[in-house]
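Colleague: Need the 3D shape of this:
(2 chains)
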Amino acid sequence: MYLSMLIITAPVLAANARGEGGGNGQTLQKVSTPHGTYTLLSGQSIRRAIRENLQAMGAKLWRKSRAIPESITGYGYGPNNDKIAMVDVIPENPEQYDDTILFGYMIAQKAKEDGEGTHKCKAALDVTTALSLTPYAGDAFFGQGLNYDKNKTQDMLLPYHMEQHYTRYAIGLTVNLNDLRKRPGAFKLLIEAISHGLKVGGNHSAHLSNYDADTVLWRFHKTPSAEGLLTALRPGDVEDIQNLDLTPAFERLKGKDFRVAGVGDPEGRTAAQGFETILADGEALVTR
Amino acid sequence: MIALHVEVTSGHYGYPGVTQNLGLKYSAPVPHPSTIQGFLESLMGMKWQTLKGRFAYGVKQAPVGRAEVLRTVHTLMSIAATQPRGKEHRNEGTRVSKVEKWFWPQYTIVYEGPLESTLRASLKGEVERFGTVYLGESDDLVDVVAETDDLTARWVVPGTSTLLTVKTKHGFSDLKPEYKAFDLGEPGPLAASAWLTC
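Modeller: Reported below is the predicted structural model:
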């Protein structure tokens, strides 16, 4: 049994999910289409934002960020955070942790003669690459960064420019509820982490952006696919991000089994109320 | 014979064993035959490389978008300079990597063999399977997979323009994929030469 969701964020001034950059420019990641260039959020960055929310909520995590400052990654592993080599830690009973169930893990090592080799656990949660609903028009702002000369004797201010995009994003997720039966509490934590708003990408200390859910479309299904839910919104569908009109998406989903909370909900529910319904229905399925 | 119409959110069809420390990890222009076989096996909850019969596949709609998605990948590094406790084992680090992704392509996949009824049952969710369904990486979720009777597509046929993997090995210690050369044919009905034997 699966839960697929298409989450549409509230309007956000996005400048956080940065790309490779060029010179002193911080760029957004983009996808080129015949309808224009759209900015994107990688599935990895969205998963990271969910993980950070889980850690702030006190979920039981095997891998915690900023646990060991002297480690080059900052991540600590295990119940005591005393391991900084992933190869040292092979979680026994991965079901005892919320993140190993939700995000999976893999410790790659060469297979030995006794058959022991790579250890892995498939993630219960998969996240698509999220795209902006409107094209990127090239907006950017300038900032100043502190820098030193090579002798570190004189500081100087260096200008940089940062691309920004005022838009909404459509984030697609699918959760394998069968996997979460091993740890039903992780489903509640996941839905709450998503509903709290996600700080996707980095640089929030300089440019704080919350990617809050404004509308959520969802379906529970035992069929292997979401039947068009995840790609219901296409480039060119949305022109006005303030007065969002999801008619093109609803036309594509006509006759299909799905629910909505937020824009287009005939019952007038908010996205938060939608997540409450998702939580209640989903918990019944993972505990069955 | 059963034909499937498949729509995906995105697709990265990497070449086995290719990693990228800097620069771009390119994607094949279409899924590899080994990827398609794996997709069919995943749909039916089968073990890897156990599918019998034959299949063909083609592009129904070319990708609408292309992106180079930046992300970090985990890698194992020497920790001589970074390990504060002097332990002699490898530490983990992260590197930046870009992957080429196609957006919203649509494919037609045709299967002929002893598992046609199982494949039909899997579309209704009546087969015990594991994990979500994706075509490419786990971020490349399959959004639509449905039976179709429309067999018009640009079929992947033996040719000379693109090397694609037809068989891969498992694990990191034995990466010797088998490649063959293919072309993407002109739009048309299913070509006899498009069939690939499992």
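
Colleague: Just give me the neighbour total for B:Leu24.
Modeller: Residues near B:Leu24, counting by other C-beta atoms under 10 Å in any protein chain shown, number 13. C-beta: built from backbone N, CA, C; applies to glycine.

Colleague: Can you give the distance from stretch B:35-47 to the centre of its chain?
Modeller: For stretch B:35-47, the distance between its averaged C-alpha position and the chain's averaged C-alpha position is 10 Å (C-alpha atoms, centre = their mean, to the nearest Å).

Colleague: what comes up buried for that stretch?
Modeller: B:35-44, B:46 (16 or more other C-beta atoms under 10 Å in any protein chain shown).

Colleague: Okay, and which of the residues you listed map to helices?
Modeller: Filtering these for membership in helices, criterion DSSP state H, returns B:35-43.

Colleague: Would you mind checking which of those residues is nearest to chain A?
Modeller: Distance from chain A was checked for each of those by C-beta to the nearest C-beta. The minimum falls on B:Leu43, at 5.9 Å.

Colleague: pLDDT wise, what is that closest one at?
Modeller: Looking at B:Leu43, its pLDDT reads 94.

Colleague: Hmm, B:Val145 and it touching each other?
Modeller: Yes: the pair B:Leu43 / B:Val145 is scored as a contact, 7.0 Å apart, by C-beta atoms under 8 Å.

Colleague: Tabulate the buried residues of stretch B:35-47 (CSV), appending distance to A:Tyr38.
Modeller: Putting the buried residues of stretch B:35-47 into CSV (distance: C-beta to C-beta, whole Å) gives the following:
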residue, distance to A:Tyr38
B:Thr35, 26
B:Ile36, 28
B:Gln37, 33
B:Gly38, 30
B:Phe39, 27
B:Leu40, 32
B:Glu41, 34
B:Ser42, 29
B:Leu43, 30
B:Met44, 35
B:Met46, 37
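
Colleague: show me where chain A has helices.
Modeller: Taking DSSP H as the criterion, chain A carries its helices at A:43-56, A:98-103, A:177-180, A:185-195, A:247-252, A:271-286.

Colleague: tell me, what's touching B:Leu43 and B:Val145 both at once?
Modeller: Jointly contacting B:Leu43 and B:Val145 under the rule C-beta atoms under 8 Å, 6 or more residues apart in numbering or on different chains are A:224, B:123, B:133.

Colleague: Out of the helices of chain A, which is the most enclosed?
Modeller: Counting by mean count of other C-beta atoms under 10 Å in any protein chain shown, helix A:98-103 has the highest mean neighbour count of the helices of chain A, with a mean of 25.

Colleague: List every C-alpha atom in it, with coordinates, as CSV.
Modeller: What follows is helix A:98-103 as a C-alpha-only set of coordinates in CSV (Å, rounded to 0.1, in the frame of the first residue of the first chain):
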residue,chain,number,x,y,z
ASP,A,98,13.1,6.4,12.3
ASP,A,99,15.5,7.5,9.7
THR,A,100,16.8,4.1,8.6
ILE,A,101,13.2,3.1,7.9
LEU,A,102,12.2,6.4,6.1
PHE,A,103,15.4,7.2,4.2
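
Colleague: Quickly note the distance from B:Glu68 to B:Lys98.
Modeller: Taking C-beta to C-beta, to the nearest Å as the criterion, B:Glu68 is separated from B:Lys98 by 5 Å.

Colleague: Overlap in contacts, those two.
Modeller: A:20, B:24.

Colleague: sec struct for the residue nearest to B:Pro187 when sequence neighbours are not counted, please.
Modeller: In space, and not counting its chain neighbours, B:Pro187 is closest to B:Arg154: 5.3 Å by C-beta to C-beta, 6 or more residues apart in numbering or on different chains. For B:Arg154, the secondary-structure state derived from DSSP: H, G, I helix; E, B strand; the rest coil is strand.

Colleague: Please enumerate the helices of chain B.
Modeller: According to DSSP H, chain B carries its helices in the segments B:33-43, B:116-123.

Colleague: Reformat these as JSON lines; add distance to chain A.
Modeller: As requested, the helices of chain B are exported to JSON lines (distance: least, C-beta to the nearest C-beta, whole Å):
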{"stretch": "helix B:33-43", "distance to chain A": "6"}
{"stretch": "helix B:116-123", "distance to chain A": "6"}
